[in-house]
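Engineer: fold the following and give me the result.
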Amino acid sequence: MQSTELLRRCLLPLLFGVEGLAQPSVEFFPGDKIFPRFRADALAHQLSLSKVTDNREWIGAIGGQVPIVNVADGDLTVQFGIGASVFNRIIKTSGHITVFTVDYRVDFPVDVKLKEIVLRIGYGHISNHYADDGIEILQRRSINAVKDYIQVGVARAVGIIAGEVYAAALYNYHTEPLPDRRWVLQAGGGFGNTSLASWLWIYGAIDLKLKEEVNWGSTQSYQVGFRFVPRAEYALRLAYTFRTGFEERGQLYNQSVAASLISLFIDF
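Structural biologist: Prediction:
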C-alpha cells in the first residue's frame, strides 16, 4: 500500500502535473507492451536469427524487452520496462564459424498511454565491439564505439493501414568516437496486419533512421513477413528484410551497406 501511495501521490503528478487522481491500479509483470514493436529495426530488442542472402554472414540476436510494472488510472497507463540484447555477426565458412562483431544494448523505457497515443522516454546504453575472431583472424582494428542516450518517442495505432506508426529521437549525451555528433532521428511503423488463417498473419514494417554521426545519412529497413500462431505479444515470425544505408554495427558505422535478410524471430 505504501508503494502504491508513493506512485499515486508523487510519480504520476510529477510526470503529468495531474492532481486529485483516483487510486491507481498497479500490476507487476503485465503481459502486454503498450508501445508497439519496432519490427524492422535492426537494433530492436529481440530473439532472432538472420541469414544475409548476399554473402556467408549470419546475424544473431539474443534478448528482449519486458514490461515490469503498469500503473493505471482511467485512460492513463504508465508502464516501466527493461530491455537487453546481444547482437552478433557470424561468418560461416566450410568447417568454421567466425564471430565477427558483438554489440550490447540495454534500455530502461517508461511508456505512457493516454487513450490512443503512447509516449516514451527512457535511458539507454549501447556498446559495439569486434569479437576476438574479428580482430585476430580478420585483422581488424577496433575503435571505442559506445553511446549513452536519452530516447523520446511517440506512437499511435492507425486503423486505415491496419497497423501503427512511430517516431523517436535519441540524444547521445555520451558518444564515441565522434563526441559532437549526438542525434539519431527514427520513424517507422507496421501495416497490413491481415489474418490469412487462424494461425497465420501477414504484415509489413518499415524503419528509417537519420544519423548525425554520418552527416545525416540514413539506414532504411523494409520488411514483409508472416506471424505464426500469434498470441497477443507472443508469436513466431518469418520475414524478409531489405536494408540499405549506413551500417548499424558501431565498428562499421561509417560504411554503407545494401543487404537482403531472411530472418526467424520469436516475439515475447
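
Engineer: only C-alpha atoms from now on, for both contacts and neighbour counts.
Structural biologist: Will do.

Engineer: gap between the closest residue in space to residue 115 that isn't next to it in sequence and residue 25?
Structural biologist: Nearest residue to residue 115, sequence neighbours excluded (Cα to Cα, 6 or more residues apart in numbering): residue 75, at 5.6 Å. According to Cα to Cα, to the nearest Å, residue 75 and residue 25 sit 12 Å apart.

Engineer: repeat for residue 111
Structural biologist: Residue 111 sits 16 Å away from residue 25, going by Cα to Cα.

Engineer: could you look up the SS state of residue 41?
Structural biologist: coil (DSSP: H, G, I helix; E, B strand; the rest coil).

Engineer: quick one: residues contacting it.
Structural biologist: Taking Cα atoms under 8 Å, 6 or more residues apart in numbering, we find residue 41 in contact with 206-207, 221.

Engineer: which among the residues you listed gets closest to residue 231?
Structural biologist: Nearest to residue 231 among the contacts of residue 41 is residue 206, at 22.3 Å by Cα to Cα.

Engineer: hmm, back to that, so residue 111 and residue 25 - more neighbours on which side?
Structural biologist: Shown here are residue 111 and residue 25; by other Cα atoms under 10 Å, residue 111 has more neighbours (23 against 13).

Engineer: that older thread, could you dump the contacts of residue 41 into CSV with secondary structure, pLDDT and neighbour count added?
Structural biologist: Shown next, in CSV, are the contacts of residue 41 (DSSP: H, G, I helix; E, B strand; the rest coil; pLDDT from 0 to 100; neighbours: other Cα atoms under 10 Å):
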residue, secondary structure, pLDDT, neighbour count
206, strand, 98, 22
207, strand, 98, 23
221, strand, 98, 23
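
Engineer: so can I have CSV of those residues showing distance to residue 190?
Structural biologist: What follows is the contacts of residue 41, written out as CSV (distance: Cα to Cα, whole Å):
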residue, distance to residue 190
206, 7
207, 9
221, 12
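
Engineer: looking at those, which is nearest residue 168?
Structural biologist: For the contacts of residue 41, the nearest to residue 168 is residue 207 (10.9 Å; Cα to Cα).

Engineer: give me the number of residues near the residue lying closest to the closest one once chain neighbours are set aside?
Structural biologist: Of all residues not flanking residue 207 in the chain, residue 188 sits nearest, at 4.3 Å (Cα to Cα, 6+ apart). Look at residue 188: counted by other Cα under 10 Å, it has 23 neighbours.

Engineer: residue 170 and residue 219, how far apart?
Structural biologist: Counting by Cα to Cα, the separation of residue 170 from residue 219 is 15 Å.

Engineer: now the residue nearest the centre of the chain: which helix or strand?
Structural biologist: Centrality entry for the chain: nearest residue to the mean C-alpha point is residue 44, 2.3 Å, by Cα atoms, centre = their mean. Assigned by DSSP states H and E, residue 44 belongs to neither a helix nor a strand.
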